[in-house]
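# A structural model of the following input is requested.
(2 chains)
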2 protein chains.
Amino acid sequence: MTARTAGIEDATLASEIASRCALARRAARSLGPRERAIKDQALRAIAAGLRARKPEILEQNALDLENARQRGTRGALLDRLALDDKRLEAMAVSVEEVAELPDPVGGIIEQRTLANGIELSRVRVPLGVVAMIYEARPNVTVEASTLCLKSGNAIVLRGGSEALHSNRALAAVIADALEATGLPRDAVQVIPFTDRDAVRVLVQQSETVDLVIPRGGEALIRFVTEHARVPVVQHYKGVCHLYLDAGCDLDMAEKLVVNGKLSRPGVCNALECLLVDEADAARTLPKVAAALLAGGCELRGDERTRALVPEARPATDEDWGTEFLDRVLAVRVVSGLDGALEHIARFGSGHTEAICTKNDANAERFRREVDAACVAVNASTRFHDGGELGLGAEIGIATSRLHWRGPMGLEALTTMKWLLNGSGQTR
Amino acid sequence: MTARTAGIEDATLASEIASRCALARRAARSLGPRERAIKDQALRAIAAGLRARKPEILEQNALDLENARQRGTRGALLDRLALDDKRLEAMAVSVEEVAELPDPVGGIIEQRTLANGIELSRVRVPLGVVAMIYEARPNVTVEASTLCLKSGNAIVLRGGSEALHSNRALAAVIADALEATGLPRDAVQVIPFTDRDAVRVLVQQSETVDLVIPRGGEALIRFVTEHARVPVVQHYKGVCHLYLDAGCDLDMAEKLVVNGKLSRPGVCNALECLLVDEADAARTLPKVAAALLAGGCELRGDERTRALVPEARPATDEDWGTEFLDRVLAVRVVSGLDGALEHIARFGSGHTEAICTKNDANAERFRREVDAACVAVNASTRFHDGGELGLGAEIGIATSRLHWRGPMGLEALTTMKWLLNGSGQTR
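Okay, here's the model as predicted:
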């Protein structure tokens, strides 16, 4: 390709993305003030569309699968891409569940009457246009769209190349349902370009896009943050720790460690590092380690850990702060709560940190001093999840601090508006 | 200067800024979990320091004033820079007022018990490190610092070159007060470089800075947004409209217009454009216009306005959407509420929009459909202000949508943390 052709293509890509975002912005203006009933009606129409148009969706998904196979994709990646009757039905059900959730828009954050008689209320309103950047799994297309629509937002979807046909088919179902309900079909946009250039252009649409949510590996999120002129909610990684305090309930400790590490090692709220108080390690560590080893977990320990658990391999410096996403756990003996807090401050990723303790003062200090989106006392790190915490659904978990932190449900997709109701007051 | 020298200086500047931000980050970690009492004690020590060290502060301020005069600064700009006994006393009093405000940190946003017995609470915690980029007025140094400290945040200050001596003297008083109270003096940092390069480097410290608040002209805010790798709260401009609905109370309309435009024309919540329903313009417009003209206000009207108010000059296309910040008002006759909503959607800046009406349905539609940080019904746009709305103090007004929107008080300087209190629950 000559430089000139590339230039022309870049211009096409940029103007196509800008115009799709502008359509989304216009749709957001008309969608934002709409009542709950019509939004829920549209969500139910989406669920019905997913059921009625299964053959068409599966046909497009088959194209994606065939392309992926030809490119040599195998195993888990192929499985994440694949749709079938059961998965489509699960999607439809989850859309119906979102319809049942309360509408965050119009919710009153605070309400006061000022001394001059002005009635003040601060209410939730939609963010506007949300851009979602994600990979492989086509169900994100439906989940993210329904959460955005329910909260009155338009959405611009930039999925991965491997799922483009599936994503287009799903977005068509959504757009048709919106139109059939009398809502703007432009409220859902699919960006048809799947390279990094498209991401770069998309995250610079500051006139039309209000928020970018990237979902994917750390490299993608760093790329987005680097190029964005639009706010980004980030989820870098989950390096979650559990600290076993001296005197903790040993059965509970074992349950929390095994559940945290082995119930689903590949997710962000899985345990990656166990910290054990030196004062009680001889009692706690061998039993907990035995349960982990019996579950097929590799342990990587510091010297004091290895003195108590000979099966542990020696941990290297890189093991602290690593998100293994696998049946591997780093283990370190620390000098009490201070040592644990110091280790977490240095190596934690601000996602989920937990303590197992019977000591109320230590629990309170841990809650107060650990700086993370979620801090758990005597509970598994695995609970840090929108569904588990009662949000109904989540569009992601934010480990960044601004706007929102932790699991992002419908409320996280809103901003606020200050309403003054007066009778002619002046300053 | 040779390119090589510039390179060396750039490296010094970058490493100096990075190391000051890193100090602030470390201070934030130790300040964040501290109790209200000690933070308030530090604030009172700051107030005492401002009073005790007046001579030293005024001496440094005199240096700034002298430099400014030598560079030809005159009038309002010089006045904004100047400190005196009265202004320092006012600063001290405002610091004491912040000490009296409730501590946002630890405030409970929500609290629930999950079905599995886990007690969930979502609480407010400090943002971390706030970078403030501002110009001329040295009182911002004290206001921004005290709001950040009260909310448990460290602050990095990058003021303008014209106030550097004053800002350093004020920051020294603050740092000494922190130290005397047993809090980390590094929680307040002054960046000693005042060029744009320093701004660019500062807003890219994504490892250590959590939020940037630029205060200044639109060019500064655009520059910051362009280069930032850190979230930015923006306040572009206040193009505030008031719409006079058909049948509105004419005396109220006159009061709101005169107060909105003339009580303080140079501020962001001042009225910049009056919209009048064509159905009632013959009744409302002449009287309101007469009051404005009597107050020395220049009117720039469309043709229909000029037919009713011959004194109005013809408005040009640029007058719609302009922030005059002066005794100038754009006036347009519109086709009812629809016409007003359309005009505001196109030309408003999302700051403050108001309606004067007796019609409840129109008031409700205006509240619902206008997309702005603050929407006022039968009240002056001038009320959109942290002090007026009961926040006690504000660090700025956000017209951006993410994280916060509208007047930013102490609560806007916090983020959240999810706390789980269990008894051994696993998933």
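
# what sits against the residue nearest to A:L31 when sequence neighbours are not counted?
The shortest distance from A:L31 to any non-neighbouring residue, by CB to CB, 6 or more residues apart in numbering or on different chains, is to A:A187 (5.2 Å). Every residue, glycine included, has its C-beta placed from N, CA and C. The contact partners of A:A187, taken as CB atoms under 8 Å, 6 or more residues apart in numbering or on different chains, are A:A24, A:A27, A:A28, A:L31, A:L149, A:N153, A:A154, A:I155, A:A175, A:L178.

# from memory the fifth one sits against A:L178, does it?
Pointing back at A:L149 there. Yes: counting by CB atoms under 8 Å, A:L149 touches A:L178, with 7.4 Å between them.

# More neighbours: which of those two?
Between A:L149 and A:L178, counted using other CB atoms under 10 Å in any protein chain shown, A:L149 has the larger neighbour count: 29 against 24.

# before we move on, the earlier item: mind checking which of the contacts of A:A187 land in strands?
Within these, residues falling in strands by DSSP state E are A:A154, A:I155.

# what's the neighbour count on A:T181?
A:T181 has 18 neighbours, counted by other CB under 10 Å.

# Do I have it right that it meets A:A37?
No: with contacts counted by CB under 8 Å, A:T181 stays clear of A:A37, the gap being 10.2 Å.

# Overlap in contacts, A:L149 and A:L178.
Counting by CB under 8 Å, 6+ apart, the shared contacts of A:L149 and A:L178 are A:A42, A:A187, A:V188.

# for the first one, what are its contacts?
This points to A:A42. Here A:A42 is in contact with A:L149, A:A177, A:L178, A:T181, A:L183 (CB under 8 Å, 6+ apart).

# Contacts (any at all) between chain B and whichever strand or helix holds A:D338?
Here A:D338, judged by DSSP states H and E, is contained in helix A:336-347. Yes: applying CB under 8 Å from any CB of the partner chain, one finds helix A:336-347 touching chain B at A:A345.

# Run through the neighbouring helices and strands of that helix.
strand A:240-244, strand A:271-277, strand A:328-334, helix A:360-369 (3 or more CB pairs under 8 Å, 6 or more residues apart in numbering or on different chains; DSSP states H and E).

# Tell me which of these approaches chain B most closely.
Closest approach to chain B among the helices and strands packed on helix A:336-347 is made by helix A:360-369 (4.7 Å; CB to the nearest CB).

# Next, see if that closest one gets close to chain B.
Yes: counting by CB under 8 Å from any CB, contacts between helix A:360-369 and chain B involve A:A363, A:R367, A:R368, A:E369.

# Thought A:D280 was touching A:A246, still the case?
Yes: with contacts counted by CB under 8 Å, A:A246 reaches A:D280, the gap being 3.7 Å.

# for the stretch 201-350 of chain A, what spans make up the helices?
All helices of the stretch 201-350 of chain A, identified by DSSP state H, counting those that start in this stretch, fall at A:218-227, A:250-262, A:281-294, A:303-308, A:336-347.

# What's the first helix or strand after the last one?
By that I understand helix A:336-347. strand A:352-356.

# so where do the strands sit in the stretch 101-250 of chain A?
For the stretch 101-250 of chain A, applying DSSP state E, counting those that start in this stretch gives strands covering A:108-113, A:119-126, A:129-133, A:154-158, A:188-190, A:211-214, A:240-244.

# now the ones you listed in a markdown table, with mean neighbour count and mean pLDDT?
Shown next, in a markdown table, are the strands of the stretch 101-250 of chain A (neighbours: other CB atoms under 10 Å in any protein chain shown; pLDDT from 0 to 100):
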| stretch | mean neighbour count | mean pLDDT |
| --- | --- | --- |
| strand A:108-113 | 12 | 96 |
| strand A:119-126 | 20 | 98 |
| strand A:129-133 | 26 | 97 |
| strand A:154-158 | 27 | 97 |
| strand A:188-190 | 24 | 97 |
| strand A:211-214 | 25 | 95 |
| strand A:240-244 | 28 | 98 |
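
# Report the contact partners of A:N421.
Listed by CB under 8 Å, 6+ apart, the contact set of A:N421 reads A:I118, A:E119, A:L120, A:S121, B:A363, B:V377, B:N378, B:A379.

# so is it in a helix, a strand, or just coil?
Under DSSP: H, G, I helix; E, B strand; the rest coil, A:N421 falls in the strand class.

# Can you name the residues bridging to it?
With DSSP bridges applied, A:N421 shows beta-bridge pairing to A:E119, B:V377.

# Need the pLDDT of it.
Here the pLDDT value assigned to A:N421 is 98.

# domains for chain A, by residue range?
Residue ranges for each domain of chain A read A:3-234, A:240-387, as given by automatic domain parsing.

# any idea which of those scores lowest on pLDDT?
The bottom spot among these, by mean pLDDT, belongs to domain A:3-234, with a mean of 94.

# mind checking which of the helices and strands packed on helix A:336-347 is nearest B:G238?
B:G238 lies closest, by CB to CB, to one member of those: helix A:360-369, at 39.3 Å.

# Now for A:E364, how many residues are close by?
Using other CB under 10 Å, A:E364 has 12 neighbouring residues.

# Next: A:Q60.
Residues within reach of A:Q60, counting by other CB under 10 Å, total 21.

# and it, what element?
Per DSSP H and E: A:Q60 is located in helix A:54-70.

# Report the buried residues of that helix.
Residues of helix A:54-70 classed as buried by neighbour count (16 or more other CB atoms under 10 Å in any protein chain shown): A:K54, A:I57, A:L58, A:Q60, A:N61, A:D64, A:L65, A:N67, A:A68.

# Just the residues contacting it, thanks.
For helix A:54-70, contacts defined as CB under 8 Å, 6+ apart pick out A:50, A:77-78, A:81-85, A:88, A:138, A:162-166, A:168-170, A:173.

# let's see it at 10 Å
Helix A:54-70 has contacts (CB atoms under 10 Å, 6 or more residues apart in numbering or on different chains) with A:49-50, A:53, A:73-74, A:77-78, A:81-85, A:87-89, A:91-92, A:136, A:138, A:160-170, A:172-173.

# Just checking, which helix or strand succeeds that helix along the chain?
Next helix or strand after helix A:54-70 toward the C-terminus (DSSP H and E): helix A:75-81.
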